[in-house]
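Undergrad: generate coordinates for the sequence data below:
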Amino acid sequence: MNTGQMALTIAAFMLLGIVMLNFRSANFQNSTVLEGNEYTQRAVAIGRSLIEEMSRKPFDAAMNSKKVVRLSDLTSCGPGWGEVYPHFNDLDDYHRSEFYSPEAGVTPGSETPSCLHDTWGYTVRVRVEYVSPSNPDLTSTSRTFTKRVMLWISNEFSEDTVTMSYIAAY
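TA: So this is what the prediction gives:
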């Protein structure tokens, strides 16, 4: 092998090394993005499941005992005295609730929604508020026949927080 061939061989190995390093770096970035997507998809599934659970509840506790409800009959948002999850009797009892994935190796209790049972590191924060029926983005200072449910789902292993909302109207 002469000097020219040796130089070409060394240059080829250097070029191969550079390509391998770039490929490894791109592959590492792709796996980070894929893991982030996995956490986000799971957060969306948790949020949808919790919204589905909440939407099965009556709009307001006043509807549990009355057939005809006036605005003045509606209760304030938040759980009533002694109400704790999972024994909420209406949609707005979820207001200011926070739910957490169970610790590793801990069997989840009834205080943990079933959508969080097989998860790790998730936190769900809930806010329920009366909103203007004509503009559900506008929080109402008075009671209306429209409520907005907001969920923030985060994971300790991801920087992203998934925000979901649901409008309930009577």
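Undergrad: residue 117: how many residues sit nearby?
TA: 11 (other C-beta atoms under 10 Å). For the C-beta atoms, the positions are set from N, CA and C on the backbone; glycine is no exception.
Undergrad: nope, residue 138 is what I meant
TA: 10.
Undergrad: which helix or strand contains the most centrally placed residue in the chain?
TA: Nearest to the mean C-alpha position of the chain, by C-alpha atoms, centre = their mean, lies residue 153 at 2.7 Å. Take DSSP states H and E as the rule and residue 153 turns out to sit in strand 146-155.
Undergrad: which intervals of the chain have sub-threshold pLDDT?
TA: Across the chain, the ranges flagged by pLDDT under 70 are 1, 19-36.
Undergrad: change it to 80
TA: Along the chain, the parts satisfying pLDDT under 80 run over 1-36, 67-68.
Undergrad: that older thread, neighbouring strands - and their directions - for the next helix or strand after the strand holding residue 153?
TA: The helix or strand immediately downstream of strand 146-155 is strand 161-169, counting by DSSP H and E. Looking at strand 161-169 with DSSP bridges, its partner strands are strand 146-155 (antiparallel).
Undergrad: point me to the helix or strand that includes the residue nearest to residue 152 when sequence neighbours are not counted.
TA: Nearest-residue entry for residue 152: residue 125, 4.5 Å, with adjacent residues in sequence omitted and distances by C-beta to C-beta, 6 or more residues apart in numbering. Per DSSP H and E: residue 125 is located in strand 122-132.
Undergrad: what residues sit buried inside that strand?
TA: 122, 123, 124, 126, 127, 128, 129, 130, 131 (16 or more other C-beta atoms under 10 Å).
Undergrad: any idea how far the fourth one lies from residue 156?
TA: Distance check for residue 126 against residue 156: by C-beta to C-beta, to the nearest Å, it reads 18 Å.
Undergrad: for the residue nearest to residue 152, give the beta-bridge partners.
TA: Residue 125 forms beta bridges with residue 98, residue 152, as assigned by DSSP bridges.
Undergrad: show me what contacts it?
TA: Contact partners of residue 125, counting by C-beta atoms under 8 Å, 6 or more residues apart in numbering, are 97, 98, 151, 152.
Undergrad: neighbour-wise, which one of those residues leads?
TA: residue 151 leads the contacts of residue 125 on contacts (other C-beta under 10 Å) with 23 neighbours.
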